[in-house]
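[1] Sequence first, then the predicted structure, then my questions.
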Amino acid sequence: MNMLPLNVMAFLQLEIADFGGCIKFVGVFQEQGEALLNRKAHELGEMSQNDMSAYQAALTALHFQSFIFKLRARMENFNDENRLKYNVIEVKPLDHVRYQGIMKDGLRALLTE
């Protein structure tokens, strides 16, 4: 049997939270999903077909990781109900050293006021 190569497009639905405790469900399309998981979509597709434990391990590796997300929000109407939907436009890993400097500067500014 001659099998065609698997053409996988990635779409993830994630639950994210910020430091204030605000939790959002966001949609992540292929390019940003590949950046989050450090894997190509076709690799994840093959893993989901051949090695489910490795596939689940790749997805659970995201738990409790810090990233900077740029989100797009839009209002959708479904069954006469308005819903706010969020999609990830850009994702970058959090630079903890730079973030620590920003927080220090912010605290100094608050203390000198």
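    That came in fine, so what should we check first?
[2] Now do the lengthiest helix in the chain: which elements does it pack against?
    Counting by DSSP state H, the longest helix found in the chain is helix 96-112. Using 3 or more C-beta pairs under 8 Å, 6 or more residues apart in numbering; DSSP states H and E, no helix or strand is in contact with helix 96-112. Glycine gets a C-beta too; all of them are placed from N, C-alpha and C.
[3] How far away from the center of its chain is it?
    26 Å (C-alpha atoms, centre = their mean, to the nearest Å).
[4] what sits up against it?
    Here helix 96-112 makes contact (C-beta atoms under 8 Å, 6 or more residues apart in numbering) with S66.
[5] next one: phi and psi at the closest residue to F11 other than its chain neighbours?
    Leaving aside its sequence neighbours, F11 sits nearest to F29 (C-beta to C-beta, 6 or more residues apart in numbering; 5.9 Å). Dihedral pair for F29: phi -90, psi 180, per degrees, to the nearest 10.
[6] now this protein, which segments are flagged as low pLDDT?
    Applying pLDDT under 70 to the chain flags residues 1-8.
[7] Can you tell me how far the residue nearest to F11 is from R108?
    39 Å (C-beta to C-beta, to the nearest Å).
[8] before we move on, what about S53?
    48 Å.
[9] And for A35?
    Counting by C-beta to C-beta - A35 and R108 are separated by 33 Å.
[10] of the two, who's got more company?
    Neighbours per residue (other C-beta atoms under 10 Å) separate A35 from R108, with A35 holding more: 16 against 10.
[11] Just the element for the more buried one, please.
    Take DSSP states H and E as the rule and A35 turns out to sit in helix 30-37.
[12] From the contact counts, what lies against that helix?
    Looks like helix 30-37 contacts strand 11-17, helix 41-50, strand 81-93 (3+ C-beta pairs under 8 Å, 6+ apart).
[13] now that helix against strand 11-17, angle please.
    50 degrees (axes from the mean of the first three to the mean of the last three C-alpha atoms, to 10 degrees).
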